[in-house]
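Student: My questions are about this predicted structure, shown below with the sequence.
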Amino acid sequence: MIPREMLKKIRQIEIRTNRIITETLAGQYQSVFKGQGMNFDEVREYQPGDDVRAIDWNVTARMNHPFIKKFVEERELTLMLVVDVSGSGRFGSRNQSKRELAAEIASVLAFSAIRNNDKVGLILFSDEVEKFIPPRKGRSHVLRVIREVLFFTPKRSGTDLNRALEFLLRIQSRKAVTVIVSDFIGSPAVVTTPSSRNNPLARRGASTRLRPQMMLLESLAQASFTKLRQVNRRHDVVAVQITDRFELELPALGRLVLRDAETGEIVEINTGDARRRDAFALCQAKAQAETERLFRSAGIDSIHLHTDQPYGAALAKFFETREKRRSRG
């Protein structure tokens, strides 16, 4: 039995996101994603006017005259939602946490998908794959997906995007529209120092972690760049990054004691010092620019959303830009 409050929240999200789909996105999902993939159909003899780039050279060599490959547009797509449920997702300085916004974005995309008769699947991950729901169709299935994104209790609090991507490659052989919803904040980088090499713990495989300190936007995309590029070669990957404004700029509240939601490490910061706040903002701006550069380098479309800003217009602009680029070929 699903608690009444849980049902109420899911229903509110359904109503809100359906309005955005109808009034703001209005069919853009289909034009942006539909038919991007082509399935092989058959080979046939070359005819004058055919595109020479479609010639199947292997068959042509065997048959001694030219044959071309025929493809048909994919009629049914699979939308795989890969959603980060690590500890940092619980943060939100306004009325909405990053996890709640992730549920709304998942809802918008999932309801858009089922309107086009596509399947929707879900992978929830922390530093391991926490839950997998195989792709299916239908409203009740999408409501279950939203419920899991909102209320699933993860066993672990860290983040390991590579594991989630490796899992996706194992279970999803056919091309899918893969939307990764995350803050792309990872655990601090693992380093091996000369002293650690002499450390008995290190010799047993333990690692030394950098203190997170002022690097809240550790580049998860950087740590997962190779795997992201590999996944994007098989699937159509879109990165949806969700951040809170206080992860980009510190408020002037004097001395604060902050606890890392993923590692549990505690850091004391004097936010009353304007120079420190400026240095933090500059550092985060550079990290953000680097994350976006990495997505571009991997050929991955990305969108950056904030917990304190409406997302409908930003999503619509993202779809519009992608549609224009696709129409240009």
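Tutor: Ah, there it is.
Student: hey, let's count contacts and neighbours off CA atoms from now on
Tutor: OK.
Student: Helices along the stretch 1-150 of the chain, start to end?
Tutor: 4-20, 28-33, 57-63, 98-115, 139-151 (DSSP state H, counting those that start in this stretch).
Student: which one of the ones you listed has the lowest average pLDDT?
Tutor: Mean pLDDT values for the helices of the stretch 1-150 of the chain show the minimum at helix 28-33, a mean of 73.
Student: thinking again about what came up before, generate a markdown table for the helices of the stretch 1-150 of the chain, with mean neighbour count and distance to Asp236 as supplementary columns.
Tutor: What follows is the helices of the stretch 1-150 of the chain, written out as a markdown table (neighbours: other Cα atoms under 10 Å; distance: least, Cα to Cα, whole Å):
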| stretch | mean neighbour count | distance to Asp236 |
| --- | --- | --- |
| helix 4-20 | 15 | 23 |
| helix 28-33 | 18 | 9 |
| helix 57-63 | 13 | 27 |
| helix 98-115 | 23 | 14 |
| helix 139-151 | 19 | 20 |
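Student: need those helices in a markdown table with distance to Ile185, can you?
Tutor: Formatted as a markdown table, the helices of the stretch 1-150 of the chain follow (distance: least, Cα to Cα, whole Å):
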| stretch | distance to Ile185 |
| --- | --- |
| helix 4-20 | 25 |
| helix 28-33 | 27 |
| helix 57-63 | 47 |
| helix 98-115 | 12 |
| helix 139-151 | 18 |
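Student: among the helices and strands of the protein, which has the poorest mean pLDDT?
Tutor: helix 200-203 (a mean of 36; mean pLDDT, DSSP states H and E).
Student: Which helix runs longest in this protein?
Tutor: The longest helix of the chain (DSSP state H) is helix 274-297.
Student: before we move on, the earlier item: of the helices of the stretch 1-150 of the chain, which is nearest Val237?
Tutor: Counting by Cα to Cα, Val237 lies closest to helix 28-33 out of the helices of the stretch 1-150 of the chain; the figure is 10.8 Å.
Student: on that earlier part again, just so I know, which of the helices of the stretch 1-150 of the chain lies nearest Ser88?
Tutor: Among those, helix 98-115 sits nearest to Ser88 (Cα to Cα), with 8.1 Å.
Student: next one: that closest one to chain centre, how far?
Tutor: Averaged C-alpha coordinates place helix 98-115 at 12 Å from its chain's average position (Cα atoms, centre = their mean, to the nearest Å).
Student: give me the element the residue nearest the centre of the chain is part of.
Tutor: Closest to where the C-alpha atoms of the chain average out (Cα atoms, centre = their mean) is Ile180, at 1.5 Å. Ile180 is part of strand 177-182 when elements are defined by DSSP states H and E.
Student: So which residues make contact with stretch 93-111?
Tutor: 13-14, 17-18, 20-21, 29, 79, 81, 83, 85, 89-92, 120, 139, 142, 146, 149-150, 181-183, 242-246, 307-308 (Cα atoms under 8 Å, 6 or more residues apart in numbering).
Student: where's Leu305 relative to Ala313, distance?
Tutor: 11 Å (Cα to Cα, to the nearest Å).
Student: Show me which of the two is the more surrounded one.
Tutor: Using other Cα atoms under 10 Å, the more surrounded residue of Leu305 and Ala313 is Leu305, with 22 against 13.
Student: Skipping its backbone neighbours, what lies nearest that one in space?
Tutor: Ile242 (4.9 Å; Cα to Cα, 6 or more residues apart in numbering).
Student: Make sure that neighbour is indeed in a strand.
Tutor: Yes - assessed with DSSP: H, G, I helix; E, B strand; the rest coil, Ile242 lies in a strand.
Student: Distance-wise, check Lys324 relative to Leu282.
Tutor: Distance from Lys324 to Leu282, by Cα to Cα: 33 Å.
Student: which of these two has more neighbours?
Tutor: Leu282 (14 against 11).
Student: who touches the more buried one in this structure?
Tutor: Leu282 neighbours (Cα under 8 Å, 6+ apart): none.
Student: can you list the residues that contact stretch 223-238?
Tutor: With Cα under 8 Å, 6+ apart, stretch 223-238 has contacts from 161-162, 165-166, 169, 175-180, 221, 294, 298-302.
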